[in-house]
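**Q** Sharing a model prediction with you, sequence too.
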Amino acid sequence: MCGIAGMFSADIDMRRERALIEDISESLRMRGPDGCGDFTKPYISLIHRRLAVIDPAGGAQPMSFGRYTIVYNGEIYNTEEVRSELISCGYSFETRCDTEVILKAYDRWKEESCKKLNGIFAYAVWDDESRELFLCRDRIGVKPLYYAHKGGIFAFASRIKSLLLIPGITSEVDENGLNEVFMLGPAKTIGSAVFRDISELPPASYLKFSGGKYEISEYWRLEANEHGESEAETIEHTHFLVTDAVRRQLVSDVPLCAFLSGGLDSSIISRVAADDYRRRGRTLDTYSVDYDDNDRYFKKSVFQPNKDSDYIDLISGSLGTHHKNIVLDNREVARALIESTDARCLPGFTDVDSSLLLFCREVKKEQTVALSGECADEIFGGYPWYHNEEILFEDCFPWSRSSDVRRSILKPGLLPHGEEYARQRYLETVAKTSYLDGESKKERRMREMFRLNIDWFMQTLLVRKDVMSMESSLEVRVPFCDYRIVEYAYNMPWSIKSLGSREKGVLRKAFENELPPEIAWRKKSPYPKTYNPQYFDEVRKMALEALRDRSTPLCDMLDGGALQRLAENPDALREPWYGQLMRGPQVLAYIVQIHRWIKEFDVRFV
């Protein structure tokens, strides 16, 4: 994994912008601490920071071939298939790295080449003859890519922060941006970067910039198709796709491990990886996260019925992995809200972000690559809102069903069109859904929920996983994001997907013979949170300090009295702000992150 950036201007000699190029490169250091380079000519500069995973000696970037030069971030999991096809077309290769394969695939097939790639990626290819810049992002949106076009400069980068270093690209946020933060956050609209001057290249899209203009095209989308397989065939097919995705993602020339929570998804990934390692005479390393004294303070709920720690020893023992449980200090989790905001360049997923940052930092001391179980819940129906029909058929985002809790902390009159803005984003997403003629009301709604979840909830988690891991210089791969699994799950009938009337029923059935029954049929439990009051005490102190800071406009946006009452009684918040676990303490943590974001990025509201 890496960090990439670039600038083009017909009016600027980029060779004279060495200081700016080096500043941008430095802003990407944590994404690529193992090497750096740039390709700079009078009108173009491509910048690369490398975290070496495959072919450390041969994969230096930027890499050129003929008229084309590439900077690339990601991993391609069908590299050998694409390489073989290119060899049959007459190409030869000097390295083992996937960068050279992508570059020569572009030389052969141009924009059609991205359709041949199975992986997680964001890359840019410069055509030195036509002066055309090509940007591309993976189908699911695992790897980030932002861009800006202002003042005669077109620029792109893996981080928002990198673009804000360029003169003329400002940190201004308009009403739409504020709606993203307060009415939708920590989620955001695909394509938005909240800052007015910056946009996000959507997943499954490529961008062509030429002659001072750019055009974005979609190269993949979810399409409804008939599912022609029986229940038994579907179980077998699901098993094959997941197993194949995990095995493809075990390729690495540096240490690789798996995150293991004791839940279904990470246990499946660890099972496949551990078996593969055992066949090669190796033992898989696995890691879990917990918090000081969490057993003492744990509170059972409908969303979190049991603790991961009750299951981790069982599954790691069954798999025969070398397991390490990383225990985080609660006050450090609160203080890391600041670092996690700086890393994301936006207010984020509060302690879900900050704890992951600290966890990845510890894992990085021993590993370079990890596998993680994100996205199974979104595509196999793991969340409660798939199964509660009262929520399922509500015409709204199921994880944020009302704006009441958001309005309760805002000054009256702020964001008068906020509900309309959020509603429109919901309707736009549902309108993208592909159906089959004659489907039942429930099957149609399940397709809409699939679309909503992968475009919103899953994107929030993917940004979190990429940013917090790469801020620790740790590459994390997400096998359930293999687009073949996503396509297959989209067209799977709900009666099969929810076998046994259980969340992720088909996935459980596919792997029930390879996992202890307590794991295979364990009720879903979300990412572990801290229950230790030390965390809330620290967050409360930080939030109240932020509210007293008159140097930012935040205090003029918020209802200080309401937040003071929340600080005194966080359990008074009757509904979550977002998802299942973002409640009173997390709302205060979100205020801490917004305050830090405004100060760190000198945010100006216009």
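**A** It's in.

**Q** I figured Asp11 hits Phe154, correct?
**A** No: contact criterion CB atoms under 8 Å: Asp11 and Phe154 do not qualify, at 11.7 Å. All C-beta spots, glycine's among them, are computed from the backbone N, C-alpha and C.

**Q** In terms of neighbours, single out the busier of these two.
**A** Under the criterion of other CB atoms under 10 Å, the comparison of Asp11 against Phe154 puts Phe154 first, with 22 against 9.

**Q** For the more buried one, report the pLDDT, please.
**A** For Phe154, the model assigns a pLDDT of 98.

**Q** distance of it from Gly168?
**A** According to CB to CB, to the nearest Å, Phe154 and Gly168 sit 12 Å apart.

**Q** With Asp290 instead?
**A** 46 Å.

**Q** Run through the protein and note the low-pLDDT ranges.
**A** For the chain, the stretches flagged by pLDDT under 70 are 1, 297-307.

**Q** so what's the residue most central in space within it closest to, chain neighbours aside?
**A** The chain has Leu462 as the residue nearest its centroid, 1.3 Å off, counting by CA atoms, centre = their mean. Using CB to CB, 6 or more residues apart in numbering and skipping the chain neighbours, the partner closest in space to Leu462 is Val142 (5.5 Å).

**Q** what's the answer for Arg278, then?
**A** Nearest non-adjacent residue to Arg278, counting by CB to CB, 6+ apart: Gly320, 7.1 Å away.

**Q** and the one you found, how many neighbours does it have?
**A** 13.

**Q** That one: what's it in contact with?
**A** Contact analysis of Gly320 by CB atoms under 8 Å, 6 or more residues apart in numbering lists Ala274, Arg278, Thr283.

**Q** Now list the buried members of the residues you listed.
**A** Among the contacts of Gly320, those buried by neighbour count (16 or more other CB atoms under 10 Å) are Ala274.

**Q** Of the contacts of Gly320, which belong to helices?
**A** Mapping the contacts of Gly320 onto helices (DSSP state H) picks out Ala274, Arg278.

**Q** Looking at the contacts of Gly320, which one is closest to Glu575?
**A** Nearest to Glu575 among those: Ala274, at 40.2 Å, using CB to CB.

**Q** contacting residues around that closest one?
**A** Contacts for Ala274 (CB under 8 Å, 6+ apart) come out as Ala258, Thr283, Leu284, Thr286, Leu319, Gly320, Thr321.

**Q** now the residues you listed: which count as buried?
**A** Using 16+ other CB under 10 Å, the buried ones in the contacts of Ala274 are Ala258, Leu284, Thr286, Leu319, Thr321.

**Q** of those residues, closest to Gly373?
**A** Ala258 (8.7 Å).

**Q** Can you show me the strands along the stretch 301-450 of the chain?
**A** Here the stretch 301-450 of the chain has its strands, by DSSP state E, counting those that start in this stretch, at 322-328, 369-371.

**Q** Leu414 is nearest to which of the ones you listed?
**A** Nearest to Leu414 among the strands of the stretch 301-450 of the chain is strand 322-328; the distance by CB to CB comes to 34.9 Å.

**Q** doesn't Asp466 make contact with the residue nearest to Leu462?
**A** Yes: using CB under 8 Å, Val142 is in contact with Asp466, at 6.7 Å.

**Q** Got the phi and psi for the nearest residue to Cys89 once chain neighbours are set aside?
**A** Nearest non-adjacent residue to Cys89, counting by CB to CB, 6+ apart: Arg108, 6.0 Å away. For Arg108, the backbone dihedrals are phi -80, psi -50 (criterion: degrees, to the nearest 10).

**Q** Report how many residues lie close to Arg108.
**A** Residues lying near Arg108 (other CB under 10 Å) number 16.

**Q** Could you do the one 4 residues further on as well?
**A** By the criterion of other CB under 10 Å, Glu112 has 11 neighbours.

**Q** Confirm that it sits in a helix.
**A** Yes: under DSSP: H, G, I helix; E, B strand; the rest coil, Glu112 sits within a helix.

**Q** coming back round to it: more crowded one of Asp290 and Gly168?
**A** Comparing Asp290 with Gly168 by other CB under 10 Å, the one with more neighbours is Asp290, at 20 against 11.

**Q** The more buried one and Lys324 touch, don't they?
**A** No: counting by CB under 8 Å, Asp290 sits too far from Lys324 to count as a contact (11.2 Å).

**Q** one step back: the buried ones among the contacts of Ala274: which two are farthest apart?
**A** By the measure CB to CB, Ala258 and Leu319 form the most distant pair in these, at 9.3 Å.

**Q** any common contacting residues for the two?
**A** Ser270, Ala274, Leu284, Thr286.

**Q** now, which of those residues lie within strands?
**A** If you go by DSSP state E, the shared contacts of Ala258 and Leu319 have Thr286 in strands.

**Q** and the two most separated of the shared contacts of Ala258 and Leu319?
**A** Maximum pairwise distance among the shared contacts of Ala258 and Leu319 (CB to CB): 8.0 Å, between Ala274 and Thr286.

**Q** shared neighbours, those two?
**A** Residues touching both Ala274 and Thr286 (CB under 8 Å, 6+ apart): Ala258, Leu319, Thr321.

**Q** Can you tell me the SS state at the residue nearest to Asp13 when sequence neighbours are not counted?
**A** Closest residue to Asp13 apart from its sequence neighbours, by CB to CB, 6+ apart: Pro42 at 4.6 Å. Secondary structure state of Pro42, per three-state DSSP, is coil.

**Q** I figured Pro42 hits Asp11, correct?
**A** No: using CB under 8 Å, Pro42 is not in contact with Asp11; the gap is 10.0 Å.

**Q** can you give me the strands in the stretch 51-200 of the chain?
**A** Under DSSP E, counting those that start in this stretch, the stretch 51-200 of the chain gives strands at 63-65, 68-76, 119-127, 132-137, 146-150, 153-157, 172-173, 199-200.

**Q** Go through those and name the closest to Arg407.
**A** Of all these, strand 172-173 sits nearest to Arg407, with 19.5 Å by CB to CB.

**Q** Contacts for the closest one next, please.
**A** So strand 172-173 is contacted by Val181, Val194, Phe195, Arg196, Asp197, Val603, Arg604, Phe605, Val606 (CB under 8 Å, 6+ apart).

**Q** Neighbours of the last one, how many?
**A** Spelled out, it's Val606. By the criterion of other CB under 10 Å, Val606 has 9 neighbours.

**Q** Also the second one?
**A** The burial metric for Val194, expressed as a neighbour count using other CB under 10 Å, is 26.

**Q** try the fourth one
**A** Residues contacting Arg196 under the criterion other CB under 10 Å number 19.
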